[in-house]
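**Student:** Generate a structure from the sequence data that follows.
(2 chains)
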Number of protein chains: 2
Amino acid sequence: MLALRSKSPGLELADVSVPNRSGEALVRVLRSGICATDIQITKGYAGFSGTLGHEFVGVVEGGDVSADLIGKRVVGEINVGCGSCHLCVAGDARHCATRTVLGIKDRDGAHAEFLTLPERCLKPVPDSISNDAAVFIEPLAAACGILERAAVSPSDRVAVIGDGKLGLLCSFALALAVPQVTLIGKHASKLNLADRRGVNTLKADDAAGLENSFDIVIEASGAESGFASALDLVRPRGTLVLKSTFAGTPQWEAWRVVVDEITIVGSRCGLFEPAIDLLASGSVTVDDLISDVFPLADGLAGFDAAAQKGAMKILLKPNG
Amino acid sequence: MLALRSKSPGLELADVSVPNRSGEALVRVLRSGICATDIQITKGYAGFSGTLGHEFVGVVEGGDVSADLIGKRVVGEINVGCGSCHLCVAGDARHCATRTVLGIKDRDGAHAEFLTLPERCLKPVPDSISNDAAVFIEPLAAACGILERAAVSPSDRVAVIGDGKLGLLCSFALALAVPQVTLIGKHASKLNLADRRGVNTLKADDAAGLENSFDIVIEASGAESGFASALDLVRPRGTLVLKSTFAGTPQWEAWRVVVDEITIVGSRCGLFEPAIDLLASGSVTVDDLISDVFPLADGLAGFDAAAQKGAMKILLKPNG
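**Tutor:** Residues are numbered from 1 along each chain as shown, chains lettered A, B, ... in the order given. So this is what the prediction gives:
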């Protein structure tokens, strides 16, 4: 089968065997989504060599799986825990020390015709969510995950820095929870996507003068400069949520975190259920966040398109 | 009068006028303490030019002050707020946007024969606290301030990185609140000071193998490497408290904060009352944390001594 594989660094389209992992379901991929993290991995982030991709929707074909799941459309929780440590036993494998992560750590991912995952990771997709939209369940879950990690109250003034896919999804998720959410970005066309959903928007150049004005600032730009901007915007004793992952070791003004007694909260993956509910109910829509759909066979071109400035979500369609 | 003044950078002993600030009490300094922050300021941190020193005990001599305070021994809250913003009105000037800070920001400090502070900043010192020990009220308050900022529960495994004055005081304060506190440092003689108070201690070289072992890690080393060590030691979803302030912009592995969903909590100044209570009751003792006492006239030599590797607290005695 075809698979887009990271060589850490680098990327290649390869012909590989259909995966077969004992104790796991075999899933035929319908769509996968290219994430900024995928692109970071091709630059060396996470040191991962293997099939990329962790955003997908697929159909259960077989493998070690309950009969009633066969033929069902599913998405998949990407963190696969050992199943026996205290975290896994408590039902949350996201920080299992020996976890594998789909398309990121020790586990081939979704930019392929097939993938495998344990049945416990699979979540059926309601019919009201299209294939294209279902690919957004994983990143929308990551956006909703902010609410798992940071105490956000209705009176909080919240800013999201970065009008890329992640920043937009964060602003959509937060705007459903608190009334005062401002998305700060550089691209009028992207800010418009938030604006039409009732999120306040602001061009980054116009954020001067708003120093110390926000109780909570989400850094979702993926740029090193985003953290410095966030430190400017957050009030003393406010909260700065870090969402972006990228290779490298940026510099930071650690002393400002001490003097202003900022709380920095790292946030990675979220639970899938809230994201499925938001998409199924139509509370969050994502159709206008899709730039293009490429056949998997043209996946290298898809990655090039995803890396372009201003690109929104690029989907890959393995069997199309 | 004599005063030790930062030239930002640099340090000089100068002969200056006795301060006279309308609406403030005049305090004759009995002892002041040299803090690592003072040394950082002489290297350019905080951009402060003026009389250094923010740890002191003194006697109220006059100025704009209630008659019953005259002749009383006092310490002083170092953040002087505007008195009218919502933070000051609520009784906590520590984050007033226009605050001055004794010996750090727009206000001459305590390494002098006299200083001024508003009466609201002054706290009488109980007779059971010696002059030497009273100088530790401000830094011990900063250590206790961790408990204001981070949710610490009795079952938490807490590590403090750095066996300097700040790290030791943090370990003393935390060990009174939670049973499992480990101080990690490089100097056997300093670790012994914690050990004899019932704090677990560990040489830094022996911390390998303890990755992800602590729920809460306090970075109090003042070294750039301390943050990386703290990231190693804290468990996923654990809390890392930043206490040290220093000039410069260190590098950090921001991605690890995201992937492991660490919470970083900046902590600066604490309330004085808990520290006064701990010293007055003898729950915390500090006599063996003092390396030497210098006359203020030999203050430059005092700063040299304080900057030596292995130095503990150096006190200055203006009138001795």
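**Student:** Could you pull up the residues touching the nearest residue to residue A:297 once chain neighbours are set aside?
**Tutor:** If the residues on either side of it in the chain are set aside, residue A:297 comes closest to residue A:2, at 6.1 Å by CB to CB, 6 or more residues apart in numbering or on different chains. Where C-beta positions appear, they are placed from N, C-alpha and C, glycine not excepted. By CB atoms under 8 Å, 6 or more residues apart in numbering or on different chains, the contact set of residue A:2 is A:13, A:14, A:15, A:16, A:112, A:113, A:296, A:297, A:299, A:318.
**Student:** And the strands in the stretch 151-300 of chain A?
**Tutor:** Secondary structure of the stretch 151-300 of chain A by DSSP state E, counting those that start in this stretch: the strands cover A:158-161, A:181-185, A:200-203, A:214-219, A:234-242, A:263-266, A:290-295.
**Student:** What residue in the stretch 1-150 of chain A comes nearest to chain B?
**Tutor:** Chain B sits closest to residue A:95 of the stretch 1-150 of chain A, with a gap of 3.9 Å, by CB to the nearest CB.
**Student:** From residue A:266, how far off is that residue?
**Tutor:** 11 Å (CB to CB, to the nearest Å).
**Student:** For residue A:286, see how far away the nearest residue to residue A:169 once chain neighbours are set aside is.
**Tutor:** Nearest non-adjacent residue to residue A:169, counting by CB to CB, 6+ apart: residue A:143, 4.1 Å away. Distance of residue A:143 to residue A:286, computed by CB to CB: 11 Å.
**Student:** For chain A, which residues are neighbours of chain B?
**Tutor:** Counting by CB under 8 Å from any CB of the partner chain, the residues of chain A lying close to chain B are A:45, A:95, A:97, A:149, A:212, A:227, A:236-237, A:242-247, A:249-255, A:257-268.
**Student:** any chance you could map the helices in chain A?
**Tutor:** A:36-42, A:86-89, A:131-134, A:137-149, A:165-175, A:188-195, A:224-233, A:254-259, A:272-280, A:299-307 (DSSP state H).
**Student:** quick one, which of those is packed in tightest?
**Tutor:** helix A:165-175 (a mean of 27; mean count of other CB atoms under 10 Å in any protein chain shown).
**Student:** From the chain's centroid, how far away is that one?
**Tutor:** Computed by CA atoms, centre = their mean, to the nearest Å, the chain-centroid distance of helix A:165-175 equals 11 Å.
**Student:** name the helices or strands packed onto it?
**Tutor:** With contacts taken as 3 or more CB pairs under 8 Å, 6 or more residues apart in numbering or on different chains; DSSP states H and E, helix A:165-175 sits against helix A:137-149, strand A:158-161, strand A:181-185, helix A:188-195, strand A:214-219.
**Student:** Run through the residues that contact residue A:224.
**Tutor:** Residue A:224 neighbours (CB under 8 Å, 6+ apart): A:246, A:248, A:250, A:251.
**Student:** between these, which has the most around it?
**Tutor:** When neighbours are counted by other CB atoms under 10 Å in any protein chain shown, residue A:246 leads the contacts of residue A:224 with 19 neighbours.
**Student:** quick revisit: using CSV, lay out the helices of chain A together with distance to residue B:86 and mean pLDDT.
**Tutor:** Output for those, formatted as CSV (distance: least, CB to CB, whole Å; pLDDT from 0 to 100):
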stretch, distance to residue B:86, mean pLDDT
helix A:36-42, 39, 93
helix A:86-89, 42, 94
helix A:131-134, 44, 98
helix A:137-149, 27, 97
helix A:165-175, 25, 97
helix A:188-195, 30, 96
helix A:224-233, 19, 93
helix A:254-259, 20, 94
helix A:272-280, 34, 98
helix A:299-307, 46, 97
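**Student:** rewinding a little: so for the closest residue to the residue of the stretch 1-150 of chain A closest to chain B other than its chain neighbours, what's the pLDDT?
**Tutor:** The shortest distance from residue A:95 to any non-neighbouring residue, by CB to CB, 6+ apart, is to residue B:236 (3.9 Å). Note for residue B:236: predicted pLDDT of 97.
**Student:** could I get stretch A:55-64 in CSV with only the CA atoms?
**Tutor:** The C-alpha trace of stretch A:55-64 is given here as CSV (Å, rounded to 0.1, in the frame of the first residue of the first chain):
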residue,chain,number,x,y,z
GLU,A,55,-5.7,13.1,12.0
PHE,A,56,-8.0,10.7,10.1
VAL,A,57,-11.3,9.1,9.6
GLY,A,58,-11.6,5.5,8.4
VAL,A,59,-13.6,2.3,8.2
VAL,A,60,-12.9,-0.7,10.4
GLU,A,61,-12.0,-3.6,8.0
GLY,A,62,-10.9,-6.3,10.4
GLY,A,63,-8.1,-7.4,12.7
ASP,A,64,-8.6,-8.0,16.4
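**Student:** average model confidence for it?
**Tutor:** Averaged across stretch A:55-64, pLDDT comes to 98.
**Student:** check contacts around residue A:123.
**Tutor:** Residue A:123 makes contact with A:74, A:75, A:76, A:77, A:137, A:272, A:273, A:276 under the criterion CB under 8 Å, 6+ apart.
**Student:** Also residue A:306?
**Tutor:** Listed by CB under 8 Å, 6+ apart, the contact set of residue A:306 reads A:34, A:38, A:39, A:291, A:314.
**Student:** ok, now with 7 Å
**Tutor:** By CB atoms under 7 Å, 6 or more residues apart in numbering or on different chains, the contact set of residue A:306 is A:34, A:39, A:314.
**Student:** Which single one of those is nearest to residue A:53?
**Tutor:** Of all those, residue A:53 sits closest to residue A:34, with 7.6 Å by CB to CB.
**Student:** Run through the bridge partners of the closest one.
**Tutor:** residue A:314 (DSSP bridges).
**Student:** go on, residue A:264?
**Tutor:** residue A:240, residue B:264.
**Student:** Local confidence estimate at it?
**Tutor:** Looking at residue A:264, its pLDDT is 98.
**Student:** does it really touch residue B:264, like I thought?
**Tutor:** Yes. At 4.0 Å, residue A:264 counts as touching residue B:264 under the criterion of CB atoms under 7 Å.
**Student:** Name the residues contacting each of these two.
**Tutor:** Common neighbours of residue A:264 and residue B:264, using CB under 7 Å, 6+ apart, are A:257, B:257.
**Student:** Quick one: residues contacting residue A:262.
**Tutor:** A:234, A:238, A:240, B:266.
**Student:** Spatially nearest residue to the first one (excluding sequence neighbours)?
**Tutor:** Put plainly, it is residue A:234. Leaving aside its chain neighbours, residue A:234 sits nearest to residue A:217 (4.5 Å; criterion: CB to CB, 6+ apart).
**Student:** mind listing what that neighbour touches?
**Tutor:** Per CB under 7 Å, 6+ apart, neighbours of residue A:217: A:159, A:161, A:230, A:233, A:234, A:238, A:240.
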